[in-house]
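>>> Predicted model follows, preceded by the sequence.
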Amino acid sequence: MKLSNRVLNRTLLARQHLLERSELGAHELCDHLVGVQAQDMLPPFLALWSRTVDFDPETVSKALDDRSLVRITLMRGTIHLVTPPDALRIAPHIQPELEKIPFRKGFNSGALIGLDPEEVRARGEAMLGDEPTPAAALRERAAALYPDRDPGAVVQAWLYQLPVLQTPPRGRWGDSSRPVWSRVRPWLGASLDPGYPLEELLLRYLRAFGPATTMDMQTWSKLTGMKKAVEKLGDRVRTYTDERGRTLYDAADARLADPDIPAPVRLLGWYDNVILSHQDRTRIVPDGHAPTLRAFANQVSPILIDGFLSGVYKVFSKGGTATLRISPHARWSGADRDAVESEALALLAFTEPARTHVVEILDPGADLRR
């Protein structure tokens with residue numbers, strides 16, 4: 001069965017809870033989505049706000065404090081907000097790839113070339129100890145141990161080599177404190193679980209992002225061996241083809257969405273996984289309109305109209321005013337402009353309740369920094 005791009009779009013939005021806001025709580029949604037992007041403080045809150053009804057950001061802050069949610073490096077080597085069981089069972093798949101990074105020639109201009117990786121790891125484990133440690137303290141310890149090396153590069157190596165996670169206060173609502181790191185076992189009271197099959201992880205990916213090709217799965221996870229893992233699922237998956245004839249895999253019991261169902265305007269956070277988790281992003285990103293990752297790093301965020309990336313926005317806060325500035329990718333209809341402005345004002349009410357709210361819609365392609 002061949003699936004149109006619009007079927008793939010609506011199915012992705014439905015599985016991401018972007019067609020209709022969900023009644024799921026933060027923990028349940030993080031489980032369903034296999035974590036939400038949390039490289040910075042605000043994006044996970046925007047991800048949950050855009051997908052759930054009456055989202056209270058304090059639920060995430062409390063969950064970080066009681067350790068029922070954690071921030072840990074997982075897919076694509078980026079921080080994700082996940083439940084502890086997912087931290088313990090997904091990290092063993094990701095960790096071997098992370099550990100290869102620090103001693104590659106290109107890592108920090110070869111800052112660690114000549115060092116023994118096992119010695120660096122052992123010293124890092126001792127320096128992290130059993131208590132959460134601020135990044136600044138780790139840099140001081142690295143400088144003392146390796147006076148002829150860049151201490152920042154040494155700390156980065158430790159954070160790749162060892163299973164670690166970020167602890168509060170960073171990650172709480174409104175708190176962008178510098179990172180504090182802990183080894184996984186002291187924080188969660190449990191070791192990593194290496195017994196979680198890759199095929200089970202991929203089945204969950206399909207339930208949140210499918211139907212998808214094996215290259216889509218690899219793009220999402222940055223892991224290899226997708227084809228072999230999918231084969232192990234047997235009749236738990238079914239196949240389709242896309243408009244270009246490529247094989248798409250999906251959970252056998254998963255439903256496809258009606259391509260004609262309306263898709264409401266959504267304003268997402270930068271690096272939202274719905275934009276970044278397929279090799280072929282045309283199911284949600286029209287050709288030629290994909291912002292570069294460098295643009296996202298400047299807190300430029302996507303706007304979906306009719307289910308597709310149709311513009312970007314950024315919030316500028318100064319004094320008592322918060323301005324949400326928008327750059328459309330093309331000229332919008334009056335109805336689309338009204339819908340975007342309404343959702344933008346709702347977002348500002350969520351993120352900046354104490355400030356006066358202004359929404360500016362610029363000309364198509366305009367520079368948000370103006």
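Structure received. Numbers count the residues shown, from 1 in each chain.
>>> List the contacts of stretch 330-339.
With Cβ atoms under 8 Å, 6 or more residues apart in numbering as the test, stretch 330-339 has contacts from 264, 265, 305, 310, 311, 340, 361, 364. Yep, even glycine has a C-beta here, placed from its N, CA and C like the rest.
>>> So which of these sit within strands?
305, 310, 311, 361 (DSSP state E).
>>> how about the first one, what does it touch?
If you count contacts by Cβ under 8 Å, 6+ apart, residue 305 has them with 265, 311, 332, 336, 339, 340.
>>> could you redo the ones in strands among the contacts of stretch 330-339 as a markdown table and give each row pLDDT and distance to residue 100?
Output for the ones in strands among the contacts of stretch 330-339, formatted as a markdown table (pLDDT from 0 to 100; distance: Cβ to Cβ, whole Å):
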| residue | pLDDT | distance to residue 100 |
| --- | --- | --- |
| 305 | 98 | 40 |
| 310 | 96 | 38 |
| 311 | 95 | 38 |
| 361 | 97 | 45 |
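>>> which of these lies closest to residue 214?
residue 310 (28.9 Å; Cβ to Cβ).
>>> how about residue 45, secondary structure?
Three-state call for residue 45 (DSSP: H, G, I helix; E, B strand; the rest coil): helix.
>>> isn't it right next to residue 59, touching?
No: using Cβ atoms under 8 Å, residue 45 makes no contact with residue 59, being 10.1 Å away.
>>> out of the two, which sits in the busier spot?
Remark: of residue 45 and residue 59, residue 45 carries more neighbours, 24 against 17, as counted by other Cβ atoms under 10 Å.
>>> Closest to residue 168 out of the ones in strands among the contacts of stretch 330-339?
The closest of these, once distances to residue 168 are taken by Cβ to Cβ, is residue 311, at 34.0 Å.
>>> I'd like the distance between the closest one and residue 362.
9 Å (Cβ to Cβ, to the nearest Å).
>>> shared neighbours, these two?
326, 327, 328.
>>> Can you name the residues that contact the residue nearest to residue 352 when sequence neighbours are not counted?
Nearest residue to residue 352 in three dimensions, chain neighbours excluded: residue 322, at 3.7 Å (Cβ to Cβ, 6 or more residues apart in numbering). Residue 322 makes contacts with 315, 316, 348, 351, 352, 355, 356, 357, 358, as judged by Cβ under 8 Å, 6+ apart.
>>> Report the beta-bridge partner residues of residue 322.
residue 317, residue 357 (DSSP bridges).
>>> which residues of the stretch 201-350 of the chain fall in strands?
237-241, 247-251, 266-267, 301-305, 308-318, 321-328 (DSSP state E, counting those that start in this stretch).
>>> To residue 134, which of those lies closest?
strand 308-318 (26.3 Å).
>>> how far is that closest one from where the chain is centred?
18 Å (Cα atoms, centre = their mean, to the nearest Å).
>>> okay, the angle between it and strand 321-328?
150 degrees (axes from the mean of the first three to the mean of the last three Cα atoms, to 10 degrees).
>>> Return the set of buried residues in the one helix or strand in the chain whose mean pLDDT sits lowest.
One helix or strand of the chain scores below all others by mean pLDDT, DSSP states H and E: helix 293-297, with a mean of 71. For helix 293-297, the neighbour count (16 or more other Cβ atoms under 10 Å) marks residue 296 as buried.
>>> Show me which of the contacts of stretch 330-339 are buried.
Neighbour counting with 16+ other Cβ under 10 Å marks 264, 265, 305, 310, 311, 340, 361 as buried within the contacts of stretch 330-339.
>>> returning to what we had before: need the contacts of residue 305 in JSON lines with distance to residue 68, can you?
Below are the contacts of residue 305 laid out as JSON lines (distance: Cβ to Cβ, whole Å):
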{"residue": "265", "distance to residue 68": "32"}
{"residue": "311", "distance to residue 68": "36"}
{"residue": "332", "distance to residue 68": "41"}
{"residue": "336", "distance to residue 68": "39"}
{"residue": "339", "distance to residue 68": "35"}
{"residue": "340", "distance to residue 68": "35"}
